[in-house]
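S.K.: Give me a model of this one.
(one chain, ligands or ions: 2)
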Amino acid sequence: MTSHGGNQMTAKYDYDVLYLGAGHGTFDGAVPLAQKGFKIGVVEADKMGGTCPNWGCNAKIALDAPVLIRHQQQNMSDLFEGELPKVNWKNNMKHKHDVIDALPDMIEGLVQSVGIDVIHGFGQLKDSHTVQVNGEEKTAEKIVIATGLHPHKLMVDGHELAHDSQEFLALDELPEDITIIGSGYIGMEFASIAQAAGANVTVMMSHGIVLRNFYQPYVTLIVDQMKKDGIQFIENANVSAFEQTTSGYVVKYGDNQEHATKWILDATGRTPNVENMGLEEVGVEYDQTGIKVNGYLQTSVDSIYASGDVISSSQPKLTPTAAFESAYLTQLFSRETSKEIDFPAVASVTFTTPRIAQVGVSVDEAKDNPDYRVVESDLAQTNWYYQAFKEPIAKRSLVFDQNNQLVGATEVSQKADDVINALVPIIELKPTKEQMGRMIHLFPSIASDVFSSL
Ligand SMILES: Cc1cc2nc3c(=O)[nH]c(=O)nc-3n(C[C@H](O)[C@H](O)[C@H](O)COP(=O)(O)OP(=O)(O)OC[C@H]3O[C@@H](n4cnc5c(N)ncnc54)[C@H](O)[C@@H]3O)c2cc1C
Ligand SMILES: NC(=O)c1ccc[n+]([C@@H]2O[C@H](COP(=O)([O-])OP(=O)(O)OC[C@H]3O[C@@H](n4cnc5c(N)ncnc54)[C@H](O)[C@@H]3O)[C@@H](O)[C@H]2O)c1
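M.R.: Ligands and ions are numbered 1, 2, ... in the order given. I've put the predicted structure just below:
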């Protein structure tokens, strides 16, 4: 077996490990590795921290925070007086800046505090141990490619008229009418945020499928709620062109149909950052799904590894996955493990209102499989705790194996993210009945509610 570990830096190399990219695929692992005495360099072409803090999770959730509260207030409207307030876009955008603008400097400070060299610039591989950045060559015993993804562009006529998620998250003014192409994570989350701040929102779908990785009967409940809120969905849109008009834009779709709008968001997916990095020249294999790696996250070149979203893999492309991979490489390089990466069940959530979240064996996998038993609850109808918050849509499906061990869970509700988080240790650590009995939770709380259902 190839040896992956060790910090045998010789005068030959500038670094033990040099990372390309400074997102979660890098810093969650690079910081502890530096603390163990490894000499580490990080090359970042844009903002420290990468997508998640600057143009992803943190930025989005700061904008979504008042949206969630507005929906909660909407659900309890008969308990309040006066009109339901809209989210004030300008103030909300300022709130987002207040929350996230300091993060890149904070992350850079953290990384430097453990002795990591940060090199700002675009890195290109020159050979299996060398990266060129800002015209200088930096060498390393091992290189980790953690360059993430960028927004996919729908290559139709007028594609340059459409905007991407990064531009949406930086809009100073909210357009009065937004058309979103794509009904995945970004399309659905941003539709919810824009609608709550008063925009007319239309979501154009390539087929009839929304959030294809989630349990469709629950996704339908979210779509129905979003339609009630005024969001329009156009199925099988087959978008063919974007055109500018005197009053805005037109999206051409279907059989010569046209949809007028003021702003177009292309949310048709994300593509690996693999271009102009010297991958072909050095022999790192990749395709349009990302960089190919083996079970040690090692690429086709022995000294080059990959981490995070840029990897071609079936794991969900999420921050916790990137952080897990990065932490695995730390263990591998410091010889704490010599085993292949072993992923636990990775939880995922879409931050619409209501949210949908899941972990482990899905309801679809379990339904026709005699090894599993699915227990579904309509919490909005039967559960006093959800009724206290007047949640109109709240359903949970728990999947048990033949030993009555919980192996999967899916929930649609405004508390779905917290519920699924509470179940992660049960699925991963499989506590005994006795151990379960010793877990005392706050009451009333979502954790005590969830545990009483197991
Ligand atoms: C709008 C949006 C919302 C999201 N919301 C969530 C969420 O709620 N929860 C969740 O878990 N995940 C979410 N994600 C996904 C999450 O952001 C990613 O999974 C995570 O950021 C991946 O980390 P990474 O380090 O692999 O890549 P990134 O964070 O993308 O970092 C890669 C870095 O590499 C740099 N880079 C690229 N090429 C080079 C080069 N040649 N040289 C030097 N640097 C280079 C880039 O500038 C970038 O900073 C969201 C993503 C988006 C776009
Ligand atoms: N809550 C979260 O964890 C979260 C939130 C946002 C983004 N993310 C991450 O970012 C990634 C990218 O998100 P995304 O929403 O861009 O991708 P996605 O893959 O979730 O969705 C892309 C959508 O575009 C649609 N599409 C593709 N071509 C189309 C066309 N020609 N016309 C109309 N629709 C078309 C697809 O059918 C799909 O619905 C996600 O996979 C996820 O890894 C995660």
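S.K.: Residue 364: what secondary structure?
M.R.: helix (DSSP: H, G, I helix; E, B strand; the rest coil).
S.K.: Just confirm residue 241 is within a strand.
M.R.: Yes: counting by three-state DSSP, residue 241 falls inside a strand.
S.K.: okay, now it: neighbour count?
M.R.: Counted with other C-beta atoms under 10 Å, the neighbours of residue 241 add up to 14. Heads up, the C-betas are built off the backbone N, CA and C, glycines and all.
S.K.: who's in contact with it?
M.R.: 156-158, 251-252 (C-beta atoms under 8 Å, 6 or more residues apart in numbering).
S.K.: And residue 139, by the same measure?
M.R.: Contacts of residue 139 (C-beta under 8 Å, 6+ apart): 12-15, 18, 129-131.
S.K.: Longest strand in this protein, please.
M.R.: When the chain is parsed with DSSP state E, its longest strand is strand 136-145.
S.K.: what residues does the stretch 1-150 of the chain put near ligand 1?
M.R.: Residues of the stretch 1-150 of the chain found near ligand 1 (C-beta under 6 Å from any ligand atom) are 20-26, 43-46, 50-52, 55-57, 60, 122-123, 146-149.
S.K.: Contact distance from ligand 1 - what residues of the stretch 151-300 of the chain qualify?
M.R.: Within the stretch 151-300 of the chain, the positions near ligand 1 by C-beta under 6 Å from any ligand atom are 165, 186, 273, 277.
S.K.: name the helices or strands packed onto the longest helix seen in the chain?
M.R.: Across the chain, the longest stretch assigned as helix under DSSP state H is helix 57-75. Counting contacts by 3 or more C-beta pairs under 8 Å, 6 or more residues apart in numbering; DSSP states H and E, helix 57-75 packs against helix 89-100, helix 185-196.
S.K.: quick one: buried residues of the first one?
M.R.: It stands for helix 89-100. Buried residues in helix 89-100, defined by neighbour count with 16 or more other C-beta atoms under 10 Å: 89, 92-93, 95-96, 99-100.
S.K.: by how many degrees do it and helix 57-75 diverge?
M.R.: Angle between the axes of helix 89-100 and helix 57-75 is 130 degrees (criterion: axes from the mean of the first three to the mean of the last three C-alpha atoms, to 10 degrees).
S.K.: Could I have the CA atoms of helix 89-100 written out in CSV?
M.R.: This file holds the C-alpha atoms of helix 89-100, laid out as CSV (Å, rounded to 0.1, in the frame of the first residue of the first chain):
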residue,chain,number,x,y,z
TRP,A,89,-34.5,43.9,1.7
LYS,A,90,-32.0,46.7,2.3
ASN,A,91,-31.9,46.2,6.0
ASN,A,92,-31.7,42.5,5.6
MET,A,93,-28.8,42.8,3.2
LYS,A,94,-27.0,45.1,5.7
HIS,A,95,-27.7,42.5,8.3
LYS,A,96,-26.1,39.9,6.0
HIS,A,97,-23.0,42.1,5.6
ASP,A,98,-22.8,42.7,9.4
VAL,A,99,-22.9,38.9,10.0
ILE,A,100,-20.5,37.7,7.3
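S.K.: Please state the offset of that helix from the chain centre?
M.R.: In terms of C-alpha atoms, centre = their mean, to the nearest Å, the centre of helix 89-100 is set 20 Å apart from its chain centre.
S.K.: Next secondary structure element downstream of it?
M.R.: helix 103-113 (DSSP states H and E).
S.K.: re the thing from before, by neighbour count, which of the contacts of residue 241 wins?
M.R.: Of the contacts of residue 241, with other C-beta under 10 Å as the count, residue 251 tops at 25 neighbours.
S.K.: what's the pLDDT at it?
M.R.: According to the predicted model, the pLDDT of residue 251 comes to 98.
S.K.: residues in contact with the residue nearest to the spatial centre of the chain?
M.R.: With distances taken as C-alpha atoms, centre = their mean, residue 318 lies nearest the centre of the chain, 3.8 Å away. Contacts here follow C-beta under 8 Å, 6+ apart; on that basis residue 318 touches 346, 348.
S.K.: how does it look with 10 Å?
M.R.: Each residue near residue 318 by C-beta atoms under 10 Å, 6 or more residues apart in numbering is listed here: 24, 52, 56-57, 185, 308-309, 324, 346-349.
S.K.: List the buried residues of stretch 432-451.
M.R.: Neighbour count says stretch 432-451 has 446-447, 449-451 buried, by 16+ other C-beta under 10 Å.
S.K.: Adding distance to ligand 2 and pLDDT, write the residues you listed out as CSV.
M.R.: Shown next, in CSV, are these (distance: C-beta to the nearest ligand atom, whole Å; pLDDT from 0 to 100):
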residue, distance to ligand 2, pLDDT
446, 19, 92
447, 22, 92
449, 23, 91
450, 20, 92
451, 25, 91
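S.K.: would a markdown table of the residues you listed with distance to ligand 1 and secondary structure be doable?
M.R.: Formatted as a markdown table, these follow (distance: C-beta to the nearest ligand atom, whole Å; DSSP: H, G, I helix; E, B strand; the rest coil):
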| residue | distance to ligand 1 | secondary structure |
| --- | --- | --- |
| 446 | 19 | helix |
| 447 | 21 | helix |
| 449 | 24 | helix |
| 450 | 21 | helix |
| 451 | 25 | helix |
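S.K.: which pair in the residues you listed spans the largest distance?
M.R.: Within the buried residues of stretch 432-451, 446 and 451 form the most distant pair, 9.7 Å apart (C-beta to C-beta).
S.K.: Might you list the low-confidence residue ranges for the stretch 301-450 of the chain?
M.R.: Nowhere does the stretch 301-450 of the chain drop to pLDDT under 70.
S.K.: show me the contacts for residue 297.
M.R.: Residues in contact with residue 297 (C-beta under 10 Å, 6+ apart) are 4, 25, 144-145, 291, 305-308, 311, 313, 325-326, 328-329, 332, 340-341.
S.K.: no wait, residue 34
M.R.: 16-17, 27, 40-42, 111-117, 330 are the contacts of residue 34 under C-beta under 10 Å, 6+ apart.
S.K.: Which of these sits closest to ligand 2?
M.R.: Set against ligand 2, the nearest of the contacts of residue 34 by C-beta to the nearest ligand atom is residue 27 (18.4 Å).
S.K.: Count the neighbours of the residue nearest to that closest one when sequence neighbours are not counted for me.
M.R.: Distances taken as C-beta to C-beta, 6 or more residues apart in numbering put residue 111 closest to residue 27, at 5.9 Å, once the chain neighbours are dropped. Look at residue 111: counted by other C-beta under 10 Å, it has 24 neighbours.
S.K.: picking up where we left off before, among the residues of the stretch 1-150 of the chain next to ligand 1, which are in helices?
M.R.: 24-26, 51-52, 55, 57, 60.
S.K.: which two in the residues you listed are spaced the farthest apart?
M.R.: The widest separation within those (C-beta to C-beta) is 20.8 Å, between 26 and 60.
S.K.: Tell me how this structure divides into domains.
M.R.: Segmentation of the chain into domains, based on automatic domain parsing, reads 1-150+269-346, 159-268, 354-452.
S.K.: Tell me the span between the first and last residue of the last one.
M.R.: It refers to domain 354-452. By C-alpha to C-alpha, to the nearest Å, the extent of domain 354-452 from end to end equals 22 Å.
S.K.: Appreciated, that's everything.
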